[in-house]
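>>> Sequence and predicted structure are below.
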Amino acid sequence: MSNETSIVSKVWGFANILRDDGVSYGDYLEQLTYLLFLKMVNEFAKPPYNRKINVPEGCDWESLKSKRGADLESSYTEILKQLSNTKGILGQIFIKSQNKIQDPAKLYKVIDMVDKEKWSLMGADLKGKIYEGLLEKNAEDTKSGAGQYFTPRSLIKAMVSCMQPEPMKTIVDPACGTGGFFLAAYDYITDYHQLNREQKEFLKNKTFYGNEIVANTRRLCLMNMFLHNIGEIDGETFISSADALVADEGKRYDYVLANPPFGKKSSMTITNEEGEQEKEDLVYNRQDFWVTTSNKQLNFLQHIRTLLKETGEAAVVLPDNVLFEGGAGETVRKQLLESTELHTIIRLPTGIFYRPGVKANVLFFDNRPGAKDAWTKEVWFYDYRTNVHHTLKKSPMTLDDLKDFIRCYNPSNRHDRTETWSENNPEGRWRKFTYEDIVARDKTNLDIFWIKDKSLADLDNLPDPDLLANAIIENIEAGLESFREIVATLNDSSEDKQEEVRLRLLS
């Protein structure tokens, strides 16, 4: 077997060669997924595994690699079509699959590269490193929009480090993208626990569940997890293609880790009688929701609370509008404070997501049984946004940047915390607010800041020009997004909504 550097170099080398031919990272990653899966099915069918995996006749690896030229191209296209109709993980990997490498000679070279390695014997760390690397490269291709399915791995690891998931417990992500939260949780559990056989089997096959409605992203998630030793090649899929928000399926989980998709409205594309396509807002009428709204982020927050067991724990990335929006937003915040223990919020900096202008936070809350008094007694805020500057390329956020937050969070005993903010240290980033402080604020507003923004007052300490330029771009993008939301709201004819729009414009 080739050494690690050689394998990584080969896989990445083909990505660059094909890119010159107009094959994007995403298309290459997709084709590599099909070929890797077929090759591993072939390996698992042989000793010492001897598994019988139901691949249709003529669709196996040996049949594919024996072809050349135009015959290879047509055979590959037919194999993809046949496999898309199979069941289980096999069908989910190949659903809606298409050949994106039109040059048969280059397609054969990729097949040959995959054929020369024994992937089933390769360590999960190496396979995972190759695949995660390609996923990140794909996310950087902003034109494809793939970045919306890729949460920064440093943020994911910090969230998992705070939650400290335990063996024999279930983890769900209702908008799982390429599976980043699952992999970080898997690594944490294996790194910090000596697992027995039963625990290992549970971790592999019964721990992780999720939803991903985009077929290509779901396929990448399944492959990513499989390469990291989660799930069986001939098993059932644990990633549903259903829209998680449509209904409460009744299952409850120990942990929710999630970064629901960006964008405020839930909508679907419909075709009218004239054949034109238009978007229609989705409103989910669910009895378990506190309020009915078309705001996708508020719906995900309500759904996540439903998913939790009575003592379940959640860590969720949500945009700023969830913290301050009136109407449905105020109702959701009040109910969240009352029915769960919302104990921690970290304000995230801009410049860490692949969609510019995103202002987001992580909310940590624990579910609780029904009670007369509110479960939330105090909320601890960590402001990692004010006077913090990151960019994706030159100054990316790392796990080290979040170490102080993790220390303040105190995962071993979050009930034993000490503020770093004080009257004598107004720059302290870690501060608590009582339940009474928060409900006394207008609309139960959780959009709380206290640190002085130096860029507004100190011209001698401005950030580097490239950071400043990126910050300006992000602010403009965020402003445009807000105005798009306002324009969408204007279509609502209710007087209350119209008044809310007027106030937002004046502010």
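Alright, I've got the coordinates. This one's a predicted model, so the numbers in the text were calculated from it and none came from an experiment.

>>> Need the phi and psi values for the residue nearest to N99 when sequence neighbours are not counted.
Nearest residue to N99, sequence neighbours excluded (C-beta to C-beta, 6 or more residues apart in numbering): T77, at 5.0 Å. C-beta coordinates here come from the backbone N, C-alpha and C atoms, glycine included. Per-residue torsions, T77: phi -60, psi -40 (degrees, to the nearest 10).

>>> now swap in the one 5 residues further on and tell me
Comment: the main-chain dihedrals of Q82 come out as phi -60, psi -40, following degrees, to the nearest 10.

>>> how near is it to L222?
Distance of Q82 to L222, given as C-beta to C-beta, to the nearest Å: 19 Å.

>>> who has more neighbours, these two?
Under the criterion of other C-beta atoms under 10 Å, the comparison of Q82 against L222 puts L222 first, with 26 against 15.

>>> thought the more buried one was touching L90?
No: using C-beta atoms under 8 Å, L222 makes no contact with L90, being 10.0 Å away.

>>> need the helix or strand of this structure with the lowest average pLDDT.
One helix or strand of the chain scores below all others by mean pLDDT, DSSP states H and E: strand 267-271, with a mean of 44.

>>> Please name the nearest non-neighbouring residue to Q199.
Excluding the flanking residues, the one nearest Q199 by C-beta to C-beta, 6+ apart is P167, at 4.4 Å.

>>> didn't that neighbour look like it was pressed against K206?
No: contact between P167 and K206 fails when scored by C-beta under 8 Å: they sit 10.9 Å apart.

>>> And the two? Which one has more around it.
Neighbours were counted for P167 and for K206 using other C-beta under 10 Å; P167 has more, 17 against 12.

>>> So if we follow the domain assignment, how does this protein break up?
Recorded structural domains for the chain (assignment: automatic domain parsing) are 4-132, 143-453.

>>> mean pLDDT for the ones you listed: which is lowest?
Mean pLDDT per stretch puts domain 4-132 lowest among those, at a mean of 88.

>>> which parts of stretch 92-111 are buried?
By neighbour count on 16 or more other C-beta atoms under 10 Å, the buried set for stretch 92-111 is 92-95, 97, 99-101, 104, 107-108, 110-111.

>>> which among the residues you listed gets closest to N229?
Ranked by distance to N229 (C-beta to C-beta), the buried residues of stretch 92-111 are led by I93 at 16.4 Å.

>>> Name the SS class of that closest one, please.
What DSSP: H, G, I helix; E, B strand; the rest coil gives for I93 is helix.

>>> for this protein, what spans make up the strands?
Listed from the start of the chain, the chain has strands (DSSP state E) covering 171-173, 208-211, 239-240, 253-258, 267-271, 277-281, 308-319, 340-347, 360-367, 378-383, 430-434.

>>> And the helices in the stretch 301-450 of the chain?
In the stretch 301-450 of the chain, the helices defined using DSSP state H, counting those that start in this stretch lie at 321-324, 328-339, 403-409, 435-439.

>>> Turn those helices into CSV, columns for mean neighbour count.
CSV is the format used below for these (neighbours: other C-beta atoms under 10 Å):
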stretch, mean neighbour count
helix 321-324, 20
helix 328-339, 20
helix 403-409, 17
helix 435-439, 15
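
>>> who wins for proximity to D383 among the ones you listed?
Of the helices of the stretch 301-450 of the chain, nearest to D383 by C-beta to C-beta is helix 403-409, at 9.9 Å.

>>> got the contact list for the closest one?
For helix 403-409, contacts defined as C-beta atoms under 8 Å, 6 or more residues apart in numbering pick out 158, 161-162, 344, 346, 364, 380, 382, 384, 417, 420, 429-430.

>>> Return the two entries of those residues that lie farthest from one another.
The largest separation in these, counting by C-beta to C-beta, is between S161 and T420 at 18.7 Å.

>>> quick one: which of the two has more around it?
Each of S161 and T420 has its neighbours counted (other C-beta under 10 Å); S161 has more, 18 against 15.

>>> Please list all residues in contact with the more buried one.
Each residue near S161 by C-beta under 8 Å, 6+ apart is listed here: Y188, I406, P411.

>>> Output those as CSV; include the columns distance to Y435.
Formatted as CSV, the contacts of S161 follow (distance: C-beta to C-beta, whole Å):
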residue, distance to Y435
Y188, 31
I406, 25
P411, 23
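
>>> Closest to L18 out of those?
For the contacts of S161, the residue nearest L18 by C-beta to C-beta is Y188; the value is 34.8 Å.

>>> For the closest residue to that closest one other than its chain neighbours, give me its contacts.
Sequence neighbours aside, V160 is the residue nearest to Y188 in space, at 5.0 Å (criterion: C-beta to C-beta, 6+ apart). Counting by C-beta under 8 Å, 6+ apart, V160 touches F181, A184, A185, Y188, L257.

>>> Same check on N410?
Shown in contact with N410 (C-beta under 8 Å, 6+ apart): D416, R417.

>>> that older thread, roughly how far apart are the residue nearest to Y188 and L399?
When distance is defined by C-beta to C-beta, V160 is 11 Å away from L399.

>>> F208 now?
F208 is 22 Å from L399, by C-beta to C-beta.

>>> Isn't Y49 up against S120?
Yes: with contact defined as C-beta under 8 Å, Y49 and S120 form a contacting pair (7.3 Å).

>>> Between those two, which is the more surrounded one?
Using other C-beta under 10 Å, the more surrounded residue of Y49 and S120 is S120, with 16 against 11.

>>> Can you give me the neighbour number for the residue nearest to the more buried one when sequence neighbours are not counted?
With C-beta to C-beta, 6+ apart as the criterion, S120 has its nearest non-adjacent residue at 4.1 Å, and that residue is E43. Residues near E43, counting by other C-beta under 10 Å, number 17.

>>> Likewise for E62?
Using other C-beta under 10 Å, E62 has 11 other residues around it.

>>> what sits against it?
By C-beta under 8 Å, 6+ apart, E62 lies in contact with N42.

>>> measure the nearest residue to N54 once chain neighbours are set aside to I53 for me?
Among residues not flanking N54 along the chain, T86 sits closest, at 6.8 Å (C-beta to C-beta, 6+ apart). Applying C-beta to C-beta, the value for T86 to I53 is 10 Å.

>>> cool, V256 as well?
Taken as C-beta to C-beta, the span from V256 to I53 is 32 Å.

>>> check contacts around D366.
By C-beta under 8 Å, 6+ apart, the contact list for D366 reads T311, G312, E313, A314, T340, E341, H343.

>>> try 6 Å
Counting by C-beta atoms under 6 Å, 6 or more residues apart in numbering, D366 touches E313, E341.

>>> any idea how far it lies from I189?
Between D366 and I189 the computed distance is 19 Å (C-beta to C-beta).

>>> do the same with S120
Distance, S120 to I189, by C-beta to C-beta: 23 Å.

>>> and what of A371?
Per C-beta to C-beta, A371 is found 31 Å from I189.

>>> Look at the two and report which has more neighbours.
The neighbour comparison of A371 against I189 (other C-beta under 10 Å) goes to I189, with 23 against 9.

>>> Would you mind measuring from the more buried one to G180?
15 Å.

>>> Same question for T217.
T217 sits 12 Å away from G180 when distances are taken as C-beta to C-beta.

>>> Between those two, which is the more surrounded one?
More crowded of T217 and G180, by other C-beta under 10 Å: G180, with 26 against 22.

>>> Could you dump the helices of the stretch 301-450 of the chain into a markdown table with distance to T292 added?
Below are the helices of the stretch 301-450 of the chain laid out as a markdown table (distance: least, C-beta to C-beta, whole Å):
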| stretch | distance to T292 |
| --- | --- |
| helix 321-324 | 16 |
| helix 328-339 | 8 |
| helix 403-409 | 34 |
| helix 435-439 | 23 |
